[in-house]
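Undergrad: Return atomic coordinates for the entry below.
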Amino acid sequence: MTTSDTTAGTSPPGADDVPTVSGSDNYKWIALSNTTIGVLMATINSSILIIALPDIFRGIKVDPLAPGNTSYFLWTLMGFMLVTSVLVVSLGRVGDMFGRVRMYNLGFAVFTVFSILLAVTWMHGTTAALWIIIMRVGQGIGGAFLFANSSAIIADAFPENERGLALGINGVAAIAGSFLGLLVGGLLAPVEWHLVFLVSVPFGIFGTVWAYLKLRDNGVRTRARIDWAGNITFAIGLIAILTGIIYGLQPYGGHTMGWTKPFVLICMFGGLAVLIGFVVIELRSPDPMFKLELFSNRAFTMGSLAALLAALARGGLQFMIIIWLQGIWLPLHGYSFERTPLWAGIYMIPLTVGFLLSGPVAGRLADRYGARPFATIGLVTTAVAFLLFNVIPIDFNYVAFAAILLLMGLSMGLFAAPNTTAVMNTLPPNQRGAGAGMLNTFQNSASVLSIGVFFTVIVLGLASSLPDAMFSGLTAQGVDPSKAHELANLPPIGSLFSAFLGINPTEQLLGPDTLNSLDPSKAHFLTGHTFFPNLIAGPFGDGLHLAFYFAAIACALGAVLSWLRGKGAPHVRHSLIEDAGEGLAGVGDVAAMEDGAGSALPADGGTLAAER
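TA: Residues are numbered from 1 along each chain as shown. Coordinates of the predicted model:
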């Protein structure tokens, strides 16, 4: 880069890695605190609906399992993730060009406004469902601004020898928020479902005002034009693929799922073709949105791919464990279906605790000893945790289950913070927003893909044996064979969604007429806590084992890639040029290269910063 290629925010380019020299030493902690609040708020909202959906749909008087309503359920659940996946790279690049703090502040404000609009939802029926979906998309736009720029703001504010701790804390907030959302949703939704959206508003208002008053752009900006062709093709391609995944989960014709539906095939293959065109455009663009040259750096490439595989394994984990708890384990242990969403969130607390314990510590250790050993061990032990889930029975002892959850949380924290720090340290200062956006896109897209993979594996497992089990179980309790045959041949995805939503599908499927025609004791048994869980336990367990093996393999491959990033090394002090960066306008390139963040790092890992 040359001095004509970049402009600074409020600090000269040379001050990139020592922002505290140009102002109060407290600024870096203000930047960390505010961005952590922003990311925590956004990630809590990415998962809060998982537990709250039953109360929300009851509140707006929509049956999510009724014919034609499944799309409302899936879009409400996954729309937020889809939008953030699509926009985060573009908005990171825009932050590099026009100021990361400016874009971050805008995102905080947008997120807060749409949270208010969600909290005042007043209509009912499908109109309300559409309103919530659209407002969640708006919320996702604000969240994408926050995700794309928070890591870059922290990297600008902290010197390299402190970034691991700072990014570790922020990374812990990001992933812990997705688990805390389950608990918050479970606590608030039964009281009043509007509170699920209202809870973000005071934090959003406070964070927005604080950000506008205290945060400042002190990073290096890139003078470039917006890559419209790249942005548009990337958005179209990724939206098409993720939309195909959403509709592929729904039954089609006589098929269990919709993967053979023409619309889904067009979305998947058409989206892939558009993304291939996107790569061609980016290779020819003078100012590409997706900085493909970053992949010439082995440390960035391996760290990003390891994060993608970890997200592929982790993305569907929440859903599978929630279905396991809500659909089988909790009812078998005396919990009513209506209470299972709250208790599922509570019983998953060890996962959050483990992550909170290991994340900051791992980030700090990575600052001193390098990221590779911690990130790699984290993925190896995550793979072990997935395999341990396959050892315990479906009706498990909770102590063993909690211990595995704790191990998984500790392992995820051990990987996430060092890996994020290592990836950010490979980025030149003027490309941190774009690089962070690329990393977030890999993770968010992999999470959505993971949901599709996990659900597909589970549904295929259910489809192979659930119909016979359903028919035998219903006829044994006196249900008319024709009615039992009709219910047994319904798409198994409905039973899966019922378990996910904390709904007893047997009571809903049989209806009052059939139940009233049965002996009261048999009707009570069919609608009780144990019939449905025992019915699906075997078929669900078969699919769950396959899903966990898939996740373990993904983590193992990620561990190999993490190790291949290059040998880690302890931090060495910056050069005098960097320490005196405030007074050396125009030496941004020298400082960047001393920091190991130049855009032309060698493929073998280059400098110590890149290797870490």
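
Undergrad: drop to CA atoms for contacts and neighbour counts, all remaining ones
TA: Noted.

Undergrad: And for residue 295, the neighbour number?
TA: 15 (other CA atoms under 10 Å).

Undergrad: Quick check: nearest residue in space to it, chain neighbours excluded?
TA: residue 301 (5.1 Å; CA to CA, 6 or more residues apart in numbering).

Undergrad: Could you do residue 87 as well?
TA: residue 144 (6.1 Å).

Undergrad: repeat for residue 525
TA: residue 531 is the one closest to residue 525 (CA to CA, 6+ apart), at 6.6 Å.

Undergrad: relative to its centroid, which residue of this protein is most remote?
TA: When distances to the mean C-alpha position of the chain are computed (CA atoms, centre = their mean), the maximum falls on residue 519, with 47.2 Å.

Undergrad: follow-up on the earlier one: could you verify my assumption that the residue nearest to residue 87 touches residue 82?
TA: No: the pair residue 144 / residue 82 is not scored as a contact, 10.2 Å apart, by CA atoms under 8 Å.

Undergrad: Looking at the two, which is more packed in?
TA: residue 144 (32 against 25).

Undergrad: which SSE is the more buried one in?
TA: helix 125-157 (DSSP states H and E).

Undergrad: how about the strands in the stretch 1-150 of the chain?
TA: Assigned by DSSP state E, counting those that start in this stretch, the strands in the stretch 1-150 of the chain fall at 6-8.

Undergrad: related to what we said a few turns ago, I'd like to know how far the residue nearest to residue 525 sits from residue 537.
TA: 10 Å (CA to CA, to the nearest Å).

Undergrad: Enumerate every residue touching the residue nearest to residue 87.
TA: 83, 84, 85, 87, 88, 91, 107 (CA atoms under 8 Å, 6 or more residues apart in numbering).

Undergrad: so how many other residues sit close to the residue lying closest to the last one once chain neighbours are set aside?
TA: The spatial neighbour of residue 107 that comes closest, neighbours along the chain excluded (CA to CA, 6+ apart), is residue 142 at 4.2 Å. Number of residues near residue 142 (other CA under 10 Å) recorded here: 29.

Undergrad: Looks like residue 142 contacts residue 113 (just checking).
TA: No: at 9.1 Å, residue 142 and residue 113 do not qualify as touching, with contact defined as CA under 8 Å.

Undergrad: gap between the two ends of stretch 387-398?
TA: So stretch 387-398: terminal residues 17 Å apart, CA to CA.

Undergrad: Next, work out how far apart residue 186 and residue 160 are.
TA: Counting by CA to CA, the gap from residue 186 to residue 160 is 39 Å.

Undergrad: And the strands in the stretch 151-300 of the chain?
TA: Under DSSP E, counting those that start in this stretch, the stretch 151-300 of the chain gives strands at 220-222.

Undergrad: now the helices: where do they sit in it?
TA: 160-188, 195-198, 200-214, 228-248, 262-284, 298-314 (DSSP state H, counting those that start in this stretch).

Undergrad: And those: which comes nearest residue 365?
TA: Nearest of the helices of the stretch 151-300 of the chain to residue 365, taken as CA to CA: helix 160-188 at 7.9 Å.

Undergrad: so what does that closest one touch, helix or strand wise?
TA: helix 27-59, helix 125-157, helix 195-198, helix 340-347, helix 349-369, helix 398-425 (3 or more CA pairs under 8 Å, 6 or more residues apart in numbering; DSSP states H and E).

Undergrad: Next, format those as TSV and append mean pLDDT and distance to residue 391.
TA: Output for these, formatted as TSV (pLDDT from 0 to 100; distance: least, CA to CA, whole Å):
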stretch	mean pLDDT	distance to residue 391
helix 27-59	90	27
helix 125-157	93	36
helix 195-198	95	36
helix 340-347	85	19
helix 349-369	87	18
helix 398-425	92	10
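
Undergrad: Mind putting these into JSON lines with distance to residue 482?
TA: Below are these laid out as JSON lines (distance: least, CA to CA, whole Å):
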{"stretch": "helix 27-59", "distance to residue 482": "30"}
{"stretch": "helix 125-157", "distance to residue 482": "32"}
{"stretch": "helix 195-198", "distance to residue 482": "42"}
{"stretch": "helix 340-347", "distance to residue 482": "32"}
{"stretch": "helix 349-369", "distance to residue 482": "44"}
{"stretch": "helix 398-425", "distance to residue 482": "40"}
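
Undergrad: Residue ranges in the chain under the pLDDT threshold?
TA: Applying pLDDT under 70 to the chain flags the ranges 1-24, 67, 219-224, 567-612.

Undergrad: mind redoing it with 50?
TA: 1-23, 568-612 (pLDDT under 50).

Undergrad: Which helix in it has the most residues?
TA: The single longest helix within the chain, with elements called by DSSP state H, is helix 432-476.

Undergrad: Good, we can wrap up now.
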